[in-house]
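# Please work out how this folds:
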Amino acid sequence: MARPEIVMITAADGTVAEPAWLARAEGVHRQLRPNLPADYAGRLREVFANGGRMALVAEDDTVRAVALWRVIENTYEGRRLYVDDLVTDAAQRSQGHGKRLFDWLERHARELGCDVLALDSGVQRAGAHKFYFREGMSVPSFCFKKVINK
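Below is the predicted model:
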């Protein structure tokens, strides 16, 4: 068995560099985002065109974890790497895949000159919260939202 590796799905310009891996990522990604449209690749290409980037942990030909992020400049933190999605295959949790990807995201954020690594996590995801606290993250604020187009 090959050692797990990080695979960049997107190129620096947001184009899909690894279409076969993007297709393989769908099943794991849908564990977190089951309501993604049927045209998964098409939707992700839209996200990538608007600044989203994706990487995953692969072991042999299998996706173990997926991350989708973007770099955002704002007035209160400076340059932040914001993680839209971070999910490990439910059957592979506690195997180190999420930590491998989180550590890579942190290194990548530093390489990109980011001041902060940030994410939002649903209130129901207690296991994920334990992981984030263990990785040194804190809860500095509440996130409010109002659905305006349904």
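
# Let me see the ranges of the strands in the chain.
For the chain, the strands defined by DSSP state E occupy 5-8, 53-59, 62-74, 78-88, 116-119.

# Quick one: those strands as CSV, columns for mean pLDDT and distance to residue 34 too.
Yep, even glycine has a C-beta here, placed from its N, CA and C like the rest. Formatted as CSV, the strands of the chain follow (pLDDT from 0 to 100; distance: least, Cβ to Cβ, whole Å):
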stretch, mean pLDDT, distance to residue 34
strand 5-8, 96, 23
strand 53-59, 97, 18
strand 62-74, 97, 14
strand 78-88, 96, 11
strand 116-119, 95, 19
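
# Looking at these, spot the one closest to residue 142.
Each of the strands of the chain has some distance to residue 142 by Cβ to Cβ; the shortest is strand 116-119, at 13.5 Å.

# Which parts of that closest one count as buried, going by neighbours?
Residues of strand 116-119 classed as buried: 117, 118, 119 (neighbour count, 16 or more other Cβ atoms under 10 Å).

# picking that back up, do you know which of the strands of the chain lies nearest residue 24?
strand 62-74 (4.9 Å).

# What is the closest one packed up against?
Applying 3 or more Cβ pairs under 8 Å, 6 or more residues apart in numbering; DSSP states H and E, we find strand 62-74 packed against helix 19-32, strand 53-59, strand 78-88, helix 97-111.

# Same list, those, but as TSV with mean neighbour count please.
Converted to TSV, the helices and strands packed on strand 62-74 look like this (neighbours: other Cβ atoms under 10 Å):
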stretch	mean neighbour count
helix 19-32	17
strand 53-59	22
strand 78-88	19
helix 97-111	17
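
# Just put those in CSV and tack on distance to residue 149.
Listed next are the helices and strands packed on strand 62-74 as CSV, based on distance: least, Cβ to Cβ, whole Å:
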stretch, distance to residue 149
helix 19-32, 22
strand 53-59, 25
strand 78-88, 19
helix 97-111, 30
